[in-house]
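Q: coords please:
(one chain, ligands or ions: 1)
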Amino acid sequence: MTIAYDELRDQVVVVTGASRGIGRAIALAFGDQGAIVIVNSRTAHGAESTVSEIANRGGRAEAAVADVGDPAEAKLIVEQAVTRHGRIDVLVNNAALNPVAPLLETTWEAWNDVQRVNVGGLFSCGSAAARHMVVQGGGCIIVIGSPAASDAHANQIPYCSSKAALHMLAKGMAWEWGPQGVRTNVVQPGWIETSLNESYLADPDVRLRVTKQIPSRRIGRAEEVASVAVWLSTRDASYVNGATVEVDGGFTAGRTAVVPRRFENLQQ
Ligand SMILES: NC(=O)c1ccc[n+]([C@@H]2O[C@H](COP(=O)([O-])OP(=O)(O)OC[C@H]3O[C@@H](n4cnc5c(N)ncnc54)[C@H](OP(=O)(O)O)[C@@H]3O)[C@@H](O)[C@H]2O)c1
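A: Have a look, this model is predicted:
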């Protein structure tokens, strides 16, 4: 843990898609702060592995097994938190799917699966959480976005489309619920090493090409996303609402020019 925020002790924090990767790192980070963490995954095994890790580190957590793409199940995650702990202070909407396939080979079912999980999950969990946050006088929603919200990536168009909708939905939530004390912000990771990309980052050539596109010249760690999510949920970020915070080593700050050569980023 880098900074200890006393205000997060005993706060009730829900993290969707927290069995691995960025969601797991965020759940662990809130656990380290003394928050009560509701760990969501589609499987009991996945959720319990993060719950156990939080407990091993001296924190408090419980599992919430649900598919966030199912509106009824998504709502139950929030209701579980409120029924058992009386409130919900922070929702981290992280769960997402990213199937890789050409658009012409994408079925309606595959398209719809991505939209219902990636965007529908925020609509369902966010609306359920905000209803309680408004009554309790405030709360914080953190949405894990992607550079794919504004850049089309070949063979990932359902994902890109879902992230574009997700970013706009987050802005809409900030706009509509801000007056009632609910802050909604997007954390936009760049290249972060997780199971989502481990197969192609395992190729040294791909890895080199990726890191050359990143001014910080390395792939990020899930913990580096988690620390920003934690900060956004504190009073230190009390006037940050409707923002997108890039955590990407500068990846989206520019583009490597192709011609003329003198414009290329020649630093190694
Ligand atoms: N890694 C990157 O470089 C990167 C870059 C930009 C944005 N992001 C974003 O960061 C977030 C996390 O990505 P990641 O790399 O950590 O992915 P990951 O390693 O594939 O983890 C995805 C998580 O989402 C859960 N999940 C998937 N579908 C779900 C559903 N229907 N209901 C509940 N949970 C579900 C998975 O849990 P179970 O399988 O256990 O259910 C898992 O815990 C995503 O929103 C992604 O778009 C990642």
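
Q: what's the spacing between stretch 179-193 and its chain's center?
A: 7 Å (C-alpha atoms, centre = their mean, to the nearest Å).

Q: Hmm, I typed the wrong one, I wanted stretch 120-136.
A: With C-alpha atoms, centre = their mean, you get 16 Å for stretch 120-136.

Q: How about stretch 184-198?
A: The gap between where stretch 184-198 is centred and where its chain is centred comes out at 7 Å by C-alpha atoms, centre = their mean.

Q: Buried by neighbour count: which residues of that stretch qualify?
A: Buried residues in stretch 184-198, counted by 16 or more other C-beta atoms under 10 Å: 184-194, 196-197. From N, CA and C alone the C-beta is placed, and that goes for glycine too.

Q: Equivalent analysis for stretch 156-167, please.
A: Under the neighbour-count criterion of 16+ other C-beta under 10 Å, stretch 156-167 has 156-167 buried.

Q: For the longest strand along the chain, name the packing helices and strands.
A: When the chain is parsed with DSSP state E, its longest strand is strand 182-189. When contacts are defined as 3 or more C-beta pairs under 8 Å, 6 or more residues apart in numbering; DSSP states H and E, strand 182-189 packs onto helix 120-136, strand 139-144, helix 157-177, helix 222-232, strand 244-247.

Q: quick revisit: dump the buried residues of stretch 156-167 to a markdown table, plus distance to Val240 and pLDDT.
A: Conversion of those to a markdown table gives the following (distance: C-beta to C-beta, whole Å; pLDDT from 0 to 100):
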| residue | distance to Val240 | pLDDT |
| --- | --- | --- |
| Gln156 | 29 | 97 |
| Ile157 | 31 | 98 |
| Pro158 | 30 | 98 |
| Tyr159 | 26 | 98 |
| Cys160 | 25 | 98 |
| Ser161 | 26 | 98 |
| Ser162 | 24 | 98 |
| Lys163 | 20 | 98 |
| Ala164 | 21 | 98 |
| Ala165 | 22 | 99 |
| Leu166 | 18 | 99 |
| His167 | 15 | 98 |
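
Q: Not counting sequence-adjacent ones, nearest residue to Arg207?
A: Closest residue to Arg207 apart from its sequence neighbours, by C-beta to C-beta, 6 or more residues apart in numbering: Leu201 at 5.3 Å.

Q: Check the offset of stretch 72-80 from the chain's centre.
A: Distance of stretch 72-80 from its chain centroid, counting by C-alpha atoms, centre = their mean, is 18 Å.

Q: and Gly139, how many neighbours does it have?
A: Residues near Gly139, counting by other C-beta atoms under 10 Å, number 25.

Q: what number of residues lie near the nearest residue to it once chain neighbours are set aside?
A: Leaving aside its chain neighbours, Gly139 sits nearest to Met133 (3.0 Å; criterion: C-beta to C-beta, 6+ apart). By the criterion of other C-beta under 10 Å, Met133 has 25 neighbours.

Q: what helices or strands is the helix or strand of the chain with the lowest mean pLDDT leaning on?
A: Using mean pLDDT, DSSP states H and E, the weakest-scoring helix or strand in the chain turns out to be helix 198-201, at a mean of 89. Counting contacts by 3+ C-beta pairs under 8 Å, 6+ apart, helix 198-201 packs against helix 204-212.
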